[in-house]
Every structure is written in structure tokens, then in C-alpha cells.
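**Student:** Just to be clear, the model below is a prediction. Sequence and coordinates:
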Amino acid sequence: MSIAIKPRARAWIPLLFLFAACQAIDSTPREVQRYDARTFYETVGLRAVSFAPDGASVLFSSDRSGVYNAYAIPPEGGEATQLTDSTSDAITGISFFPNDRRLVFQKDQGGNELVHVYVKELDGRVVDLTPGEKTKARFVMWSGDDRSMFVATNERDSSFFDLYRYEVDGYARQLVFENTGGFELGDLSLDGTKLSLTKVKNNSDNDLFLWDARQPHSAPRKLTEHSGEVSHGDAAFSADASEIFYTSNEGSEFQRLWAQRLDDGTRRLVHEAPWDVQSVSCTRDGRFRVITINADARTQVRIERLADSSEVALPELGALDIQDLDISRDGKRLACLAWSDTSPANVFVVDLGGREARQLTTSLDPRVDEQALVQSQVIRFASFDGLPIPSLLYKPHGASAGERVPALLWIHGGPGGQSRTGYNPAIQHLVNQGIAVLAVNNRGSSGYGKSFHHLDDKRHGEVDLDDCVWAKKWLAEQEWCDGERVGIMGGSYGGYMVLAALAYRPTEFALGIDIFGVSNWLRTLESIPPWWASFRDSLYAEVGDPVADRERLSRQSPLFHADKIVRPLLVVQGANDPRVLKVESDEIVAACRRNGVAVEYLLFPDEGHGFQRKQNRIAASEAYLSFSQAHLGVAPASAAAPEPR
């Protein structure tokens, strides 16, 4: 039961989600060691932690080799063993087999997002369980009896995912659920008889359905009858499949957790908070329920005993925030990844019932003094209409009234994403070199209630951009910031916001850094990847219909207004990006060059929407800094890495 902790986002998948604790900034100016980008990225990236079914090891993925591969480490600590050896495509380890050390893992090809599910056999051979040039797939779960696994693929219809059962021995498979209704697949009961499904109407209204494998020819049954627009989020079956737990914002600004009996439909409120309940999961043994809460840009984890809903005490991790976790099958231990702004993710194991957390990995490069890094601070500024806009401020240690520093706005992906606290080497690199970063959660961001979430619907490049302009005004009011030297950067939707800022507020920002941002909404909406078909109506409700809203979308597309751009622009793009096509960046670069604008273009031929290879991430981070130094008037500081301590 591995639980990826992330916000419930809208259909447009955000570029980056940042997690972890948020602490007050030490305002005392002091000199700190400067580091180059390579030093920040020599920090090891970790993701996808889970226990082996027998509990004898903890599986995780790491980019220690330069590319993400699967590793295993004893839960008591020791050396990690590398299990895969990819030198190109990023691998995510999923699970060992229940009764042997065969490994399930996933990877795409060069960032094209066409993920396949693989098995590494005991003799080292690799079997692709989901072949096909256009196939996209994902591992779902092991069956309750451990004799089979469930995998979802879109091989029959590239727009929708079907569910298959694969035998553990021999990998013979059987179609379980043929998704002809355009549903999004959800949770599956341990006995494989009940499947939760989501039917999306738009970006504020969807429904939860139940399909029963014992009645395979019957239509899925709607579980969430309601009036008005209601959004239902994560869902999970109890171990005995008598109840389904799900989140809903019916009657509330925030997602609350509900339980519904499957026999008579009665439901009860399980948990609510002044924030979104973002995920729910139940352990296979029926003992625990795990919920996560998106609390003001950080994640709170609550583990409850299902017998009486009492909370399991977890050890205090200080500034660290849990971002991913798994409970062992015997229910005795928890494995998790935890990080903070100044500490990258590490693997921890916690004995449930005890208060000890064992750290199994050390991800921060030993040359880096953690005290030289910067904790973010949650701030709120009043926008043009008085609306408070939550943001994360990363203030350089040396910034003061006597040492005023330039700044960059950091705009998250989306639309509908959220900047969250947690280790971000690109941000830390900029701040370490004396550039403040303000990560703006402009109106339309997730995590602050459904009203805030929808304030930018079909108003992109307008009210959300006004929030960014007022963010710059707030920075200019700070005695330690030089308001004449403020730029704007972001990726995906954030990259769009950069281009919108430069096109529609031509002299407001000193520069723009666009990381695979949308320049032409019409083309992007018309080229939605087929596997996003179930989200199309939601995305159209959020951004617009390329036919019905053509005039407005043209007005909101920076490419058609690029003649107004006069400020320096850096564009960074992956050639294999299936979401924001390379042509989006090609054309905006060409248009700006026709203006005589200072434009730099960094293209990675082996990346997609988000950079997986460490060398490419280093090159991008170096480009962000050098471009900012050149156009914000920042003198390059010595950044030679110190010797290991």
C-alpha cells in the first residue's frame, strides 16, 4: 500500500509539486558558502518507496547513477543495492513479487510519457508486460491472494484505460474491465470484484461509480448522487470491500473524507479539516486507514486504526514532511520519504507503536552546509482586489536594507497546481547565489478551497497575471528587495504565465524564464494526448474550447501578441514533450527574435515534460542562474564546491 502524497489537481497536470515543512526565516544577515548547480544536483533524488511483501527490504527509486533506477535497502539500514541499470530512461520501481524477488518497474521512452510495465526476472531478463509503440500503462495492485497482478493499459483505445489481470506465473492475462464509458479508473478491492470509477463532467463536477465484476455486463452504478456541482477526489475500499472511503467537497469549501456502505448506501463523515483531505488508503490487513491533508502548502499525515478511528502516534520529524509512505504487510512498520526545504528526500522506517524513526539514506551532498540553504516562509499579500494570495518566500541569507537583492517570481504548473514547501535544487541554487524567489500560488491554485480554485477559470493571462504583478509590488515594498530587478519564471502553465507577463505587461518584469510553457492555447488544446480523453471536458471548462472559445483563446495566447515582447527571454524545452509540443517554444523564440529581443533557447533532445536526467537538470539550472545574472545585474559569485566535510 504505497501512498503517493500529492494534491488533487485539475486535468492539466502540474510541472512541479513541492512538499515539506515550512519554518520561519532566520532574518539575520550572514555570509554563506556559495555552491554551483552541480553541487545542488549531486544531491540524490529519491521517489516511490515501498516495503517488499515479505518486509525484508525497502524498495525505492534513486537518480544516484544520473538516471532514476530501482534500489533496495534493508529496513534496519545498510548499503542500498541497485536493481536496474538504465542509462537513459528513468525507471520507477513499483514492487517485488509477493513470493520471490522478481521486480515490477515502470518507465517511458525519452520522456514521451508512454509508460510500460516491466518485470525483471530472477535471471536478470526484462519482460515488457505492456508492449506497443502507442501503449501507455500502469501497475494497479496485487490481488488479495497474491496469485495475480492488475495492470491498466490503453492498448485497445488510446483514449481510455482498460483493466487486466496478469497471472504471477507465466503472465497469462485476462481482460477484467473494458472501459467503453470513458471513465477514469480508481481503486480496486483486494478480491478484484469491485472497481471504483470516476466520470468527469467538468473541472468542478464529477461522480464516483462502482463496477461489480460479479455482474460484468451490468453498467457501473453511480455512488454519488448530488445536486449542483460537486467534486469527488480520491477513493479507497476497505479491506473487506464493505465500504468505500472517498473525498468530496459537497457542502464545503474543502474536500472532506466520507465512508459509504456498499450494501445500503448509507454514508458518514469520517474526517474534515480547514484544508483539503487529499488522499485516502487502507492497509491490506484491514487495520489502518491513512489520510493526508494539504495544510497551507505542506502535507499532514494521519494514520488511524480502523477498529475505533483512534490515531496512531508518529515520531516528531521536526522540519521534515512526509511525501510518500507505505505500511508493511504485517502492520508493524512504516517506510516513508521525508524532506524539507533544506533537506532532500530520505528514506525513513518507523516502528508503529514506537517513537523511533530510522533514517536509511543520506541524500544531501556532504559538501553542502545545510545552514547555507533557505527555509521558505508562507506569506500572503493583497492582490489588486484585496484578495489574499498565499505564496512561499525564499529570502537569501544576506539580504538586508543595506544589501538589496533582485528576485524571481516562481509560477507553478497547472492550471490548478500549487507550489509547496520542499527541497527544490533549482530554487536553492538561485537563492544561494543571492536571488530571492517568491513562489506565487495565484488565484486558481489548488489547496485553498474550491472558490479560490475556480477564480481564474477561462481568465488565464488576466486575473492570475494581475496576482503576479501585485506579487512584484509586494516584493518592491520589502526593504531588502530591489523592486526594479524582478523577473518571472515557471514551467508548463507557469511557463505560459511567463510569456503572458512579457506579452501583456511588456515592461513590468525585468526578464522571463519559460520552461516548456504554452504559447498557443488553440494548438495545445487541439493536441491533447489521447490518454487525457477522460479529462478533456474538465480542461475545456478550465481553459476553454478551441472551437467555441477560439476568439478568447487567441486573445490569451502570447504567440499572437509576441510583437509586444521586449524583455529578455530564456526558453527551455524537452523535444519529446507530449503535453506542450516543441513547436510551442520554437515559434515563440522565432517571434521574439524577430523583435530583436535577447532570447536564449535551451533544447533537450532526450527529455519530455519535466527533466529526468541529472545532467540536463544541471544544465537547465545553470542557464536559469546565468541568464538571471546577466539581465538582473547580479555579479557572479564564486561558487566552487568546498571539499567534503
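**Tutor:** Here it is on my side, so go on.
**Student:** In the protein, where is pLDDT below threshold?
**Tutor:** The model of the chain has pLDDT under 70 over residues 1-30, 637-645.
**Student:** ok, now with 80
**Tutor:** By pLDDT under 80, the low-scoring segments of the chain are 1-31, 353-355, 534, 635-645.
**Student:** hang on, residue 537 in a helix?
**Tutor:** Yes: under DSSP: H, G, I helix; E, B strand; the rest coil, residue 537 sits within a helix.
**Student:** Show me the strands in the stretch 451-600 of the chain, by range?
**Tutor:** 481-491, 512-515, 569-574, 599-604 (DSSP state E, counting those that start in this stretch).
**Student:** which strands and helices sit next to the third one?
**Tutor:** Looking back up the chat, that one is strand 569-574. If you count contacts as 3 or more C-beta pairs under 8 Å, 6 or more residues apart in numbering; DSSP states H and E, strand 569-574 packs onto strand 512-515, helix 582-594, strand 599-604, helix 614-632. Heads up, the C-betas are built off the backbone N, CA and C, glycines and all.
**Student:** Please tabulate those in TSV, including the columns mean neighbour count and distance to residue 563.
**Tutor:** TSV is the format used below for the helices and strands packed on strand 569-574 (neighbours: other C-beta atoms under 10 Å; distance: least, C-beta to C-beta, whole Å):
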stretch	mean neighbour count	distance to residue 563
strand 512-515	30	15
helix 582-594	19	7
strand 599-604	18	14
helix 614-632	20	20
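**Student:** care to break this protein down by domain?
**Tutor:** Domain ranges of the chain: 183-312, 370-632, per automatic domain parsing.
**Student:** Between the two ends of the longest one, what distance do you get?
**Tutor:** Think domain 370-632. Taking C-alpha to C-alpha, to the nearest Å as the measure, domain 370-632 stretches 27 Å from start to finish.
**Student:** got it, and the shortest one?
**Tutor:** The first and last residues of domain 183-312 sit 35 Å apart, counting by C-alpha to C-alpha.
**Student:** do stretch 390-399 as well
**Tutor:** 22 Å.
**Student:** What residues sit buried inside it?
**Tutor:** Buried residues in stretch 390-399, counting neighbours by 16 or more other C-beta atoms under 10 Å, are found at 390-397, 399.
**Student:** just stretch 378-385 next, same as before
**Tutor:** 378-379, 381, 383.
**Student:** want to throw the residues you listed into TSV with distance to residue 160?
**Tutor:** Shown next, in TSV, are the buried residues of stretch 378-385 (distance: C-beta to C-beta, whole Å):
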residue	distance to residue 160
378	40
379	43
381	43
383	40
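**Student:** Tell me the one of the buried residues of stretch 390-399 nearest residue 44?
**Tutor:** residue 394 (21.6 Å; C-beta to C-beta).
**Student:** Quick check: the gap between the closest one and residue 434.
**Tutor:** Residue 394 sits 12 Å away from residue 434, going by C-beta to C-beta, to the nearest Å.
**Student:** again with residue 331
**Tutor:** From residue 331 across to residue 434, the span is 49 Å (C-beta to C-beta).
**Student:** before we move on, what about residue 425?
**Tutor:** Here residue 425 is placed at a distance of 16 Å from residue 434 (C-beta to C-beta).
**Student:** got it, and residue 186?
**Tutor:** 47 Å.
**Student:** Over to residue 533?
**Tutor:** Going from residue 533 to residue 434 by C-beta to C-beta gives 46 Å.
**Student:** Which of the helices or strands spans the nearest residue to residue 109 once chain neighbours are set aside?
**Tutor:** Counting by C-beta to C-beta, 6 or more residues apart in numbering, residue 109 lies nearest to residue 89, which is 5.9 Å off, once chain neighbours are set aside. Using DSSP states H and E, residue 89 maps to neither a helix nor a strand.
**Student:** same thing with residue 92?
**Tutor:** In this assignment (DSSP H and E), residue 92 forms part of strand 91-96.
**Student:** Distance from the chain centre to the helix or strand following that strand, please.
**Tutor:** The first helix or strand that comes after strand 91-96 along the chain, using DSSP H and E, is strand 103-107. Centroid separation for strand 103-107 versus its chain: 20 Å, with C-alpha atoms, centre = their mean, to the nearest Å.
**Student:** now the helices: where do they sit in the stretch 401-550 of the chain?
**Tutor:** Per DSSP state H, counting those that start in this stretch, the stretch 401-550 of the chain carries helices over the ranges 425-432, 450-453, 463-476, 493-504, 521-526, 536-542, 550-555.
**Student:** Among the ones you listed, single out whichever gets nearest to residue 165.
**Tutor:** helix 536-542 (28.5 Å).
**Student:** Give me the contact list for the closest one.
**Tutor:** With contacts defined as C-beta atoms under 8 Å, 6 or more residues apart in numbering, helix 536-542 is touched by 10-12, 200-204, 206, 415-416, 457-458, 525, 528, 532.
**Student:** which ones are touching the residue nearest to residue 109?
**Tutor:** Applying C-beta under 8 Å, 6+ apart to residue 89 gives the contacts 67, 107-110, 612.
**Student:** Can you tell me which of those is nearest residue 560?
**Tutor:** Nearest to residue 560 among these is residue 110, at 30.6 Å by C-beta to C-beta.
**Student:** Compute the distance between the closest residue in space to that closest one that isn't next to it in sequence and residue 516, please.
**Tutor:** Nearest residue to residue 110 in three dimensions, chain neighbours excluded: residue 576, at 4.8 Å (C-beta to C-beta, 6+ apart). Plainly put, residue 576 is 11 Å away from residue 516 if you go by C-beta to C-beta.
**Student:** Many thanks, we can stop here.
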